[in-house]
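Engineer: Okay, sequence plus prediction incoming.
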Amino acid sequence: MAYTVDYTDTNKAAIVVNDGTVDTTTDLRLVGKNYSRYGEVIAEDFLHLLENFAGGTAPSKPSEGQIWYDSTNNCLKYYDNTQANSGNWKGIASMTVQSAAPNAAGESNGHLWLDVDTGQLYMYYNGSWSTIGQPAGNTKFLSRTRYDSSNNVHNTLEMIVGGQIVSITSSDATSWVPQTAGNTAEYLEDGVTLLNTQFPTIIQGINLNNGTDYLFNGTAVRAQYADLAERYESDAPMVYGTVVCIGGAKEVTSCNKEMCTDVFGVVSSNPGLMLNAGAGEDDTHPYIALAGRVPCRVIGKVNKGDRLVTSEIGGHARAATSDYDWKHVIGRALETKINDEAGLIEVVVGAK
């Protein structure tokens, strides 16, 4: 009477093994009743299981979940027979846990090594061990969560060289001050020195360590915007294009004096080069364009090329008449304005 051999998955059709035969439906041979030399067949099946069908060619009749040792690539693989991945042999990652890097001889791409001395995980790829996740050592890039002085959370990307934070990159539009107290106080790599001693304020973009006078050293080939501007403290919030002079309760104020010789610049809309960026926020420390092209608030008619001076209308310039000298000039108009109402035109600040 034939044997009926069931799969673990009862949804699969059972294998029927007739008397006196050897069934070869799978990579293991199934012995029927009264088959001579059955001991050899069974022994070989056990051996194949022991060595996980080791060889350079994948088993030809695999079953779902079968394990094969790929001797060409020195790795274990399992058979995935799902519809989406029909016929795929997928690697089973191996891991060596020790203090020294495993000898590259015999290693294959995808093998893992955990360095028990440092806790660093490595992956073998194309002849060398590459770090996975946070790198070990004191030179690396790290993504971190930092806290500001109000205990708000900020995400940063930090470059550490030789145990020293060289730069902190932030995407926050508003500048912030690192926390200095409590269990969220922020420290340098030594875990003792407060972060704010070398990074007193974090602004949007790349912040270089000022405790060791790190500077950008390179060649700038372009700027997105067209003016050079610097933050100055104002006595009130100001909209872009406002003409300012030195004075008021703070450093600068909206100018409302005709032909003012203290005229200083124009509030920038999009500075091309931002100086003194960490001095404050736009409402308290607006960027004042000192040179370059900016929108400027003007009153009255203006012709392209006119020199501009201050007017009695607060924060607005006007076209200069013949009674001016260089002390009065804010800049020169780059476009014509044909009406008498207040408006915005492009000007070159600083051009006399």
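Structural biologist: Perfect, thanks for sending it.
Engineer: Can you give me the pLDDT of Ser86?
Structural biologist: Looking at Ser86, its pLDDT reads 63.
Engineer: let me fix that: Gly65
Structural biologist: Listed pLDDT for Gly65 reads 90.
Engineer: Let's verify it: helix, strand, or coil?
Structural biologist: Following DSSP: H, G, I helix; E, B strand; the rest coil, the label given to Gly65 is coil.
Engineer: which one is Ser130 nearest to, not counting chain neighbours?
Structural biologist: Among residues not flanking Ser130 along the chain, Met123 sits closest, at 5.5 Å (CB to CB, 6 or more residues apart in numbering). (Glycine included, C-beta is placed from N, CA and C.)
Engineer: mind checking which helix or strand that neighbour is in?
Structural biologist: Using DSSP states H and E, the element containing Met123 is strand 121-125.
Engineer: tell me the average confidence for that strand?
Structural biologist: 87.
Engineer: The next helix or strand along the chain from that strand pairs with which strands, parallel or anti?
Structural biologist: The C-terminal neighbour of strand 121-125 among helices and strands, as given by DSSP H and E, is strand 128-132. The pairing partners recorded for strand 128-132 under DSSP bridges are strand 121-125 (antiparallel).
Engineer: Domain ranges for the chain, per the record?
Structural biologist: Using automatic domain parsing, the domain parsing of the chain gives 3-50, 95-132, 140-208, 227-349.
Engineer: Among those, which one carries the weakest average confidence?
Structural biologist: Within these, confidence is poorest for domain 95-132, with a mean of 83 (mean pLDDT).
Engineer: first to last residue in that domain, what's the distance?
Structural biologist: With CA to CA, to the nearest Å as the measure, domain 95-132 spans 13 Å from end to end.
Engineer: Give me the buried positions along that domain.
Structural biologist: Going by neighbour count (16 or more other CB atoms under 10 Å), the buried part of domain 95-132 is Thr96, Glu107, His111, Leu112, Trp113, Asp115, Gln120, Leu121, Tyr122, Met123, Tyr124, Trp129.
Engineer: do you know how far the third one is from Tyr122?
Structural biologist: His111 sits 9 Å away from Tyr122, taking CB to CB, to the nearest Å as the criterion.
Engineer: circling back: just say which of the domains of the chain is most tucked in.
Structural biologist: Comparing the domains of the chain by mean neighbour count (mean count of other CB atoms under 10 Å), domain 227-349 ranks first with a mean of 19.
Engineer: The residue nearest to Ser130 and Gly110 touch, don't they?
Structural biologist: Yes. Between Met123 and Gly110 there is a contact under CB atoms under 8 Å: 6.7 Å.
Engineer: Just confirm His48 is within a helix.
Structural biologist: Yes. His48 sits within a helix when classified using three-state DSSP.
Engineer: That one reaches Thr26, doesn't it?
Structural biologist: No. Applying CB under 8 Å, one finds His48 not in contact with Thr26, separated by 10.6 Å.
Engineer: Distance to Thr57 added to the domains of the chain, as a markdown table?
Structural biologist: Listed next are the domains of the chain as a markdown table, based on distance: least, CB to CB, whole Å:
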| stretch | distance to Thr57 |
| --- | --- |
| domain 3-50 | 12 |
| domain 95-132 | 17 |
| domain 140-208 | 43 |
| domain 227-349 | 64 |
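Engineer: Quick check: which helices or strands does the longest strand along the chain pack against?
Structural biologist: If you go by DSSP state E, the chain has its longest strand at strand 287-298. For strand 287-298, the packing partners by 3 or more CB pairs under 8 Å, 6 or more residues apart in numbering; DSSP states H and E come out as strand 227-231, strand 243-246, strand 263-267, strand 317-319, strand 343-349.
Engineer: any chance of the ones you listed in JSON lines, plus distance to Asn11?
Structural biologist: Supplementary listing: these in JSON lines, determined by distance: least, CB to CB, whole Å:
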{"stretch": "strand 227-231", "distance to Asn11": "72"}
{"stretch": "strand 243-246", "distance to Asn11": "80"}
{"stretch": "strand 263-267", "distance to Asn11": "74"}
{"stretch": "strand 317-319", "distance to Asn11": "84"}
{"stretch": "strand 343-349", "distance to Asn11": "74"}
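Engineer: For Asn34, which of the ones you listed is the nearest?
Structural biologist: With CB to CB as the criterion, Asn34 lies closest to strand 227-231 of the helices and strands packed on strand 287-298, at 96.7 Å.
Engineer: Name the strands paired with that closest one and say parallel or antiparallel.
Structural biologist: Using DSSP bridges, strand 227-231 pairs in its sheet with strand 273-275 (parallel), strand 287-298 (antiparallel).
Engineer: Relative to Phe141, which of these is closest?
Structural biologist: Phe141 lies closest to strand 273-275 among the strands paired with strand 227-231, at 24.9 Å (CB to CB).
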